[in-house]
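> Just a sequence and a predicted model for now, questions to come.
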Amino acid sequence: MSTSPTLYWMRRDFRLADNPALSDCAGAPVIPVVIRDGSVRSLGAAPAFRWGRAVGTFSETLTRRGGRVILRTGDALEVLRALLAETGAKRVVWNRLYDPEARARDARIKSALKADGIAVESFNSHLIFEPWTVETKTGGPYRVYSPFWRAVEHCNVARPLPVPRLIFPDTWPRSEALEEWHLAAPMRRGASVVAAHELLGEEAARKRLDWFLDTRVAAYKDDRDRLDLDATSGLSEPLTYGEISPRQCWHAGCAAQEAGGGKGAGHFLKEVVWREFAYHLMYHTPEIMSRNWREDWDAFPWQGDGARAERWKQGQTGVEVIDAAMRELYVTGRMHNRARMLVASYLTKHLLVHWQVGMQWFADTLTDWDPASNAMGWQWVAGSGPDAAPFFRIFNPETQAEKFDPKARYRTHWLYSTGAEAFRQAIPLSWDLQDRPSPMIELGEGRKQALAAYETVKR
């Protein structure tokens, strides 16, 4: 047993089970560290708020086991060097992230610490299939989901790791207080409203997965798009913060499929891999984060942020299902996936507003914000991304509402019932809401304008 402690740098892996970096610390005292560096300070209001809640919840979990989480602010390399000097640690571990900024930061830190004589190791915790492990037959990355799925669906996925037996040091370095970080401040009066809808912590995530597989998965393929039903796993939020791992979801889904979950469980596995595909694209084509994935879409006459986008953000477009979805987002910090497609289609096609405007709004308001999924989702719907459909997809929100909210329960809840009241409690006082705003644009006319704009790309 080593007496020298190991620094475990936590980022988006707030769980005990199936945590490779934490499991690797077994046998030596471990000092969990959370650093509020530039990557944290650049988070939008809702993601920063929810990240802080994840930190606090995991800290409570460790406290019950005799440990704690050390909180520090500053440049990550400088903070780690300071903690190494203070604690006598000779080793640093972390679980990998895959966005371009995190990769560049981590490579710089790993190189610098190794030059200092510090042992550094990183692990895969956030994905099932790391982006460089899946290749086409010609050796390149996949650009379409279906062949990506076929390439991985029969892969041997390692079993999730158990909760490790942890050893903690006798003395601890100084820690900042989480409340001093004021991560909820940008949420203003919406913080308490959104907090009531959180699925927070490892235990809650595991219970939600079990509930979903026990009661909902058999009908998942048929019901997953219904806005008026609680028919999805709801696990995007804990997956974002690593409160549950994709490997845990995968193996639980496989077990459900074998136990009779059938097509529903199979489709759940495909949705887990859809998230993997988003990371595959972000890693191999990082431009998806900031510019059109399809370069020919640079000719599309997008409009920027402005009055049209503002009405969309405030849920005042005059299209009931769009406004209901935008209110669901502001109250809960999440939005049903079918609704996400509808609001994105309406903004980018009926209103011709740039997908980057919507992507940034989601980055500020989603508690389950994920850099890869958010970028891919917006570009997929806008038409500039990896949608394999050979036509310009324009959702009609009214016919979609009739199909997926047939009795208008979803719309009624968010526009005229308790959801509407919660929305008024959460929004800035400066918003001037109208109870029944007039439609911004006639849907048929909006479709015509979108198709005419698309001719620009085709030419």
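Thanks, I have the structure now.
> Give me the phi and psi for the closest residue to Ile167 other than its chain neighbours.
Leaving aside its sequence neighbours, Ile167 sits nearest to Pro29 (CB to CB, 6 or more residues apart in numbering; 5.1 Å). In short, each C-beta sits where N, CA and C put it, glycine included. With angles defined as degrees, to the nearest 10, Pro29 shows backbone torsions of phi -60, psi 140.
> Repeat that for Pro301.
Here is the backbone geometry of Pro301 (degrees, to the nearest 10): phi -80, psi 60.
> got a pLDDT number for the residue nearest to Ile167?
What the model reports for Pro29 is a pLDDT of 97.
> do Thr456 as well
81.
> Please, which helix or strand holds it?
For Thr456, the element it lies in under DSSP states H and E is helix 443-458.
> How far off centre is that helix?
Helix 443-458 has its average C-alpha position 31 Å from the chain's average C-alpha position, going by CA atoms, centre = their mean, to the nearest Å.
> cool, stretch 123-143 as well?
Distance, centroid of stretch 123-143 to centroid of chain: 19 Å (CA atoms, centre = their mean).
> Let me see the mean pLDDT of it.
The model assigns stretch 123-143 a mean pLDDT of 96.
> do the same with stretch 372-386
For stretch 372-386, the mean pLDDT works out to 95.
> Put the alpha carbons of that stretch into PDB.
Below are the C-alpha coordinates for stretch 372-386, written out as PDB (Å, rounded to 0.1, in the frame of the first residue of the first chain):
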ATOM      1  CA  ALA A 372     -21.500  17.200 -28.400                       C
ATOM      2  CA  SER A 373     -25.200  16.400 -28.300                       C
ATOM      3  CA  ASN A 374     -26.200  20.000 -28.400                       C
ATOM      4  CA  ALA A 375     -24.100  20.900 -31.400                       C
ATOM      5  CA  MET A 376     -25.100  17.800 -33.400                       C
ATOM      6  CA  GLY A 377     -28.800  18.100 -32.500                       C
ATOM      7  CA  TRP A 378     -29.000  21.700 -33.700                       C
ATOM      8  CA  GLN A 379     -27.100  21.100 -36.900                       C
ATOM      9  CA  TRP A 380     -29.000  17.900 -37.600                       C
ATOM     10  CA  VAL A 381     -32.400  19.700 -37.400                       C
ATOM     11  CA  ALA A 382     -31.200  22.800 -39.200                       C
ATOM     12  CA  GLY A 383     -30.000  20.800 -42.200                       C
ATOM     13  CA  SER A 384     -26.400  21.800 -42.000                       C
ATOM     14  CA  GLY A 385     -25.300  18.700 -40.100                       C
ATOM     15  CA  PRO A 386     -25.200  14.900 -40.400                       C
END
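> Grab the longest helix from this protein for me.
The longest helix of the chain (DSSP state H) is helix 262-284.
> May I see the buried residues of it?
264-269, 271-284 (16 or more other CB atoms under 10 Å).
> Go ahead and confirm Arg285 touches Trp293.
You called it Arg, but residue 285 is Thr. Yes. Counting by CB atoms under 8 Å, Thr285 does reach Trp293; the two are 6.4 Å apart.
> Just the helices from the stretch 51-200 of the chain, written as ranges.
76-87, 100-115, 145-152, 191-195 (DSSP state H, counting those that start in this stretch).
> Over to the stretch 351-459 of the chain?
Counting by DSSP H, counting those that start in this stretch, the stretch 351-459 of the chain has helices at residues 355-365, 371-382, 397-404, 409-416, 418-426, 443-458.
> what's the closest of these to Ser146?
Among those, the nearest to Ser146 by CB to CB is helix 371-382 (13.4 Å).
> who wins for proximity to Asp223 among the helices of the stretch 351-459 of the chain?
Closest of the helices of the stretch 351-459 of the chain to Asp223 is helix 397-404, at 9.7 Å (criterion: CB to CB).
> Convert the closest one to CSV, retaining C-alpha atoms only.
Extracted in CSV, the C-alpha atoms of helix 397-404 (Å, rounded to 0.1, in the frame of the first residue of the first chain):
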residue,chain,number,x,y,z
PRO,A,397,-45.5,22.0,-35.5
GLU,A,398,-49.3,21.8,-35.6
THR,A,399,-49.5,18.3,-37.2
GLN,A,400,-46.7,17.2,-34.9
ALA,A,401,-48.6,18.4,-31.9
GLU,A,402,-51.7,16.5,-33.0
LYS,A,403,-49.7,13.3,-33.4
PHE,A,404,-47.6,13.5,-30.2
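> Which residue would you name as the spatial centre of this structure?
Asp370 (2.7 Å; CA atoms, centre = their mean).
> contacting residues around the closest residue to Trp297 other than its chain neighbours?
Using CB to CB, 6+ apart and skipping the chain neighbours, the partner closest in space to Trp297 is Ser384 (3.8 Å). Counting by CB atoms under 8 Å, 6 or more residues apart in numbering, Ser384 touches 292-294, 297, 300, 355.
> Now render the residues you listed as a markdown table, adding pLDDT and distance to Leu443.
Formatted as a markdown table, those follow (pLDDT from 0 to 100; distance: CB to CB, whole Å):
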| residue | pLDDT | distance to Leu443 |
| --- | --- | --- |
| Asn292 | 95 | 25 |
| Trp293 | 95 | 27 |
| Arg294 | 92 | 25 |
| Trp297 | 91 | 23 |
| Phe300 | 92 | 20 |
| Trp355 | 97 | 19 |
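> Out of those, flag the one nearest to Glu310.
Among the contacts of Ser384, and counting by CB to CB, the member closest to Glu310 is Trp355, at 16.4 Å.
> check contacts around that closest one.
Residues in contact with Trp355 (CB under 8 Å, 6+ apart) are 302, 344, 347-348, 378-379, 381-382, 384.
> roughly how far apart are it and Gly385?
8 Å (CB to CB, to the nearest Å).
> Identify the contacts common to the two.
Between them, Trp355 and Gly385 share the contacting residues 378-379, judged by CB under 8 Å, 6+ apart.
> Now do the lengthiest strand in the chain: distance to the chain's middle.
Using DSSP state E to define each element, the chain has its longest strand at strand 30-36. When C-alpha coordinates are averaged (CA atoms, centre = their mean), strand 30-36 and its chain have centres 22 Å apart.
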